[in-house]
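> Need the 3D shape of this:
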Amino acid sequence: MATTEIVSWRQEDKDVGLRTTEPSRGLITFIICTMMLTALCILQAVIWRDSLPQVPPYQFGNRTIARLRRPKLQFGSLARDAAWEFRPEAMAKVRTSTLKLHPDVHLVLYKVGTQYKKDNCNFNKDISDVHCQTDYNTKISHYNTCAVVGNSGVLLESRCGAEIDSKDYVIRIDIPVVRGYEKDVGERTSMTVLNLSTPKRLQSSACLKNRTQDVYENRLRNIGGTALVMDKRSRSNMTSLARKYHLSFSLYTVKGRLVRWVNALASRLASRKMGSGIPTIGLVTVLMMTTFCDHPYLYGFFPFQKDANNTPIPYHYYPGDYIKPIKQNEGGRHNMTREYDFYRNLHKQGVLKMHVGPCEEHTALATYLHT
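This next block holds a predicted model:
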């Protein structure tokens with residue numbers, strides 16, 4: 001049946017103000033097709049989302065925020081563990097060059113806070129007495145196995161936590177989030193190495209009026225009693241923080257400045273120039289670790305933003321803070337790609353074992369490490 005539609009009451013429409021029209025059959029067909037296509041796209045999106053692995057939530061202050069799911073990362077064909085082994089003679093050669101980075105040579109110890117109570121050891125049956133003595137020991141000794149854990153988003157869904165915790169000594173960088181990520185990054189911490197800007201960020205975060213925004217208080221409590229290594233200019237900041245939070249640490253400061261000669265040292269070991277960029281705290285940590293550990297393992301050292309299938313990889317496996325957002329290699333100060341190649345070459349030589357990808361598959365490394 002025809003419908004009546006008011007189309008115009010303008011002055012130029014002198015003859016009539018009403019017109020009869022019928023709905024266009026083409027328009028109706030277009031609307032129906034559009035609705036069906038939209039419904040199909042929504043259905044496909046739901047099916048794709050449900051097929052992805054669930055990424056656990058993360059803590060942001062006192063709030064728990066759900067993270068989006070993402071595809072499992074791929075790094076090309078993997079080589080089996082049998083194709084790789086530690087080579088003591090290669091480690092001995094590297095240690096000859098890195099000897100001046102040994103903690104007994106270039107670190108100074110300051111005890112901060114009261115005596116730490118080993119409550120974590122008393123109530124956690126999964127942690128052995130040896131690990132308790134290791135993680136809360138004032139002196140940095142010599143160890144058989146060590147894990148240096150970087151902060152790359154490649155650790156998400158890696159299931160490397162148990163393997164990391166099994167090592168004699170666990171080193172982390174810049175006070176990362178651990179709680180909520182234990183399956184991927186482990187829960188133990190023996191030492192934490194800080195760059196120059198981290199204590200300043202912690203100090204600013206401690207002054208936030210909204211205490212739920214201070215994400216570092218809980219992180220510091222999780223590693224209370226362990227070793228903190230930092231530049232001597234940061235000692236006053238960390239001392240005041242320890243007093244504010246009533247925490248205890250074995251605080252180590254560096255003698256002099258490492259930035260000036262770490263690149264030169266790495267260049268000699270790599271037989272190529274590392275460039276003029278500022279060395280990352282990760283590079284300093286790895287070189288230092290070779291001086292007191294016979295079998296080093298690296299996790300979470302992956303500076304690239306995509307995997308072999310161009311799947312995006314976050315810069316850090318955990319979110320940023322309220323003080324300053326995380327930016328990958330801000331200002332281009334670090335030569336991170338060349339440092340990654342340096343670690344890969346040390347892996348090939350048998351000096352250390354570098355893990356990229358999931359640990360539960362018991363495979364060695366991605367194509368990146370063998371090409």
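
> C-alpha from now on. contacts and neighbour counts both.
Noted.

> For Met289, give its distance to Arg221.
Applying Cα to Cα, to the nearest Å, the value for Met289 to Arg221 is 24 Å.

> ok, the two, which is more surrounded?
Using other Cα atoms under 10 Å as the criterion, Met289 and Arg221 rank with Met289 on top: 26 against 14.

> Walking through the stretch 151-300 of the chain, point out its strands one by one.
169-173, 191-193, 227-231, 249-254, 293-299 (DSSP state E, counting those that start in this stretch).

> between these, which one is nearest to Trp84?
strand 293-299 (13.0 Å; Cα to Cα).

> on that earlier part again, turn the strands of the stretch 151-300 of the chain into a markdown table, including mean neighbour count and mean pLDDT.
Output for the strands of the stretch 151-300 of the chain, formatted as a markdown table (neighbours: other Cα atoms under 10 Å; pLDDT from 0 to 100):
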| stretch | mean neighbour count | mean pLDDT |
| --- | --- | --- |
| strand 169-173 | 23 | 97 |
| strand 191-193 | 23 | 96 |
| strand 227-231 | 24 | 93 |
| strand 249-254 | 22 | 91 |
| strand 293-299 | 22 | 97 |
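
> can you tell which of the ones you listed is closest to Ala266?
Per Cα to Cα, nearest to Ala266 of those: strand 293-299, 16.7 Å.

> Could you point out the helix or strand that follows the closest one?
helix 336-349 (DSSP states H and E).

> these two touch, right, Tyr318 and Val177?
Yes - taking Cα atoms under 8 Å as the definition, Tyr318 is a contact partner of Val177 at 6.4 Å.

> Start from the N-terminal end of the stretch 151-300 of the chain and give the helices.
For the stretch 151-300 of the chain, helices defined by DSSP state H, counting those that start in this stretch occupy the ranges 161-165, 182-185, 198-206, 216-222, 235-245, 259-270, 281-289.

> okay, the ones you listed, which one's buried deepest?
helix 182-185 (a mean of 22; mean count of other Cα atoms under 10 Å).

> Quick check, pLDDT for Ala147.
On pLDDT, Ala147 comes in at 98.

> Which strand residues bridge Asp231?
Residues in a beta bridge with Asp231, per DSSP bridges, are Val254.

> got the contact list for the nearest residue to Ile223 once chain neighbours are set aside?
Sequence neighbours aside, Thr189 is the residue nearest to Ile223 in space, at 6.4 Å (criterion: Cα to Cα, 6 or more residues apart in numbering). Residues near Thr189 by Cα atoms under 8 Å, 6 or more residues apart in numbering: 135, 169-172, 223, 226.

> Columns mean pLDDT and distance to Ser141 on top of the helices of the stretch 151-300 of the chain, output as CSV?
Converted to CSV, the helices of the stretch 151-300 of the chain look like this (pLDDT from 0 to 100; distance: least, Cα to Cα, whole Å):
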stretch, mean pLDDT, distance to Ser141
helix 161-165, 96, 18
helix 182-185, 96, 23
helix 198-206, 88, 25
helix 216-222, 91, 22
helix 235-245, 89, 22
helix 259-270, 83, 22
helix 281-289, 94, 11
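
> what's stretch 219-235 in contact with?
Against stretch 219-235 from outside (Cα under 8 Å, 6+ apart): 115-117, 135-138, 175-178, 189-196, 199-200, 247-255, 257.

> and if we set it to 6 Å?
116, 135-136, 190-194, 248-254 (Cα atoms under 6 Å, 6 or more residues apart in numbering).

> Just give me the closest of the residues you listed to Phe342.
Distance to Phe342, by Cα to Cα, is smallest for Val193 among the contacts of stretch 219-235, at 19.8 Å.

> Tell me the spacing between that closest one and Met35.
Distance from Val193 to Met35, by Cα to Cα: 56 Å.

> Then Asn218?
Per Cα to Cα, Asn218 is found 49 Å from Met35.

> before we move on, what about Val351?
Distance, Val351 to Met35, using Cα to Cα: 60 Å.

> How confident was the prediction at Trp84?
Reported pLDDT for Trp84: 84.

> again, but for Leu346
For Leu346, the predicted pLDDT is 94.

> Neighbours of it, how many?
20.

> Quote the end-to-end distance of stretch 292-306.
33 Å.

> let me redo that: stretch 214-228
One end of stretch 214-228 sits 19 Å from the other (Cα to Cα).

> got a list of what the residue nearest in space to the middle of the chain touches?
Centroid check for the chain by Cα atoms, centre = their mean gives Asn151 as the closest residue, at 1.8 Å. If you count contacts by Cα under 6 Å, 6+ apart, Asn151 has them with 300, 316.

> That one and Asp307: what is the separation?
Asn151 is 16 Å from Asp307, by Cα to Cα.

> chain center to stretch 285-294: distance?
Going by Cα atoms, centre = their mean, to the nearest Å, the spacing between the C-alpha centre of stretch 285-294 and its chain's C-alpha centre is 20 Å.

> Quick check: the gap between Gly256 and Val105.
Using Cα to Cα, Gly256 is found at 11 Å from Val105.

> Domain map for this protein?
3-50, 83-369 (automatic domain parsing).
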